[in-house]
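Participant: task: produce atomic coordinates for the following.
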Amino acid sequence: MREAASIDALDRAIIDRLQGDFPISECPYAEAAAALGIDEGELIARLQRLLDTRVLTRFGPMFQVERMGGSFVLAAMRVPDAEWEHVVEAVNAFPEVAHNYRRESSQNCDFNMWFVLATEKPDGIEQAVQKIEAATGLSVFPFPKLKEYFVEMKLEVRT
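Facilitator: You can find the predicted model right below:
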């Protein structure tokens, strides 16, 4: 198991502050850094360290890919424990995979790997599913969105 990375009060402030309303300007990192009382270089270095240590797994905008002509789905797999690491690496290698996570099985659901697939064109989802199945030897179950909800979830980092 990976050792947890250490973060300080400034890292926590960066994570809390940048979960929404990132500046849209000519120098957004400089503007965000100024609001935190640091310079742009330190902000960028700290974000990179948080990504490198996997405190953050992603830092970037969220797009409504459907408005841009693309498509996305939530997908799930049944991954045997003995194959978990290999399958995680294989799935994460696909650029169509936005993120994935493990969820333990329950009585009602034996899927244990969940991930989001996003593609530039609607027909790209089926192609991505086929490529992942070929790479892993396991079935991928896509769950298309039936209804959209907007939930602005911001997670405060506590000490």
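Participant: packing partners for the worst-scoring helix or strand of the chain on mean pLDDT?
Facilitator: The helix or strand of the chain with the poorest confidence is strand 97-102; it has a mean of 82 (mean pLDDT, DSSP states H and E). Counting contacts by 3 or more C-beta pairs under 8 Å, 6 or more residues apart in numbering; DSSP states H and E, strand 97-102 packs against helix 84-92, strand 113-119. Where C-beta positions appear, they are placed from N, C-alpha and C, glycine not excepted.
Participant: in the next helix or strand after the last one, what's buried?
Facilitator: Read that as strand 113-119. Note on strand 113-119: by DSSP states H and E, the next helix or strand toward the C-terminus is helix 124-136. Buried positions in helix 124-136, judged by neighbour count with 16 or more other C-beta atoms under 10 Å: 124, 125, 128, 129, 132, 136.
Participant: past helix 124-136, which element shows up next along the chain?
Facilitator: Proceeding N to C from helix 124-136, the next assigned helix or strand is strand 141-144, under DSSP H and E.
Participant: now do the buried residues in that following strand.
Facilitator: Neighbour counts using 16+ other C-beta under 10 Å place no residue of strand 141-144 among the buried ones.
Participant: average pLDDT for that strand?
Facilitator: Averaging pLDDT along strand 141-144 yields 91.
Participant: how distant is that strand from the center of its chain?
Facilitator: Chain-centre distance of strand 141-144: 17 Å, with C-alpha atoms, centre = their mean, to the nearest Å.
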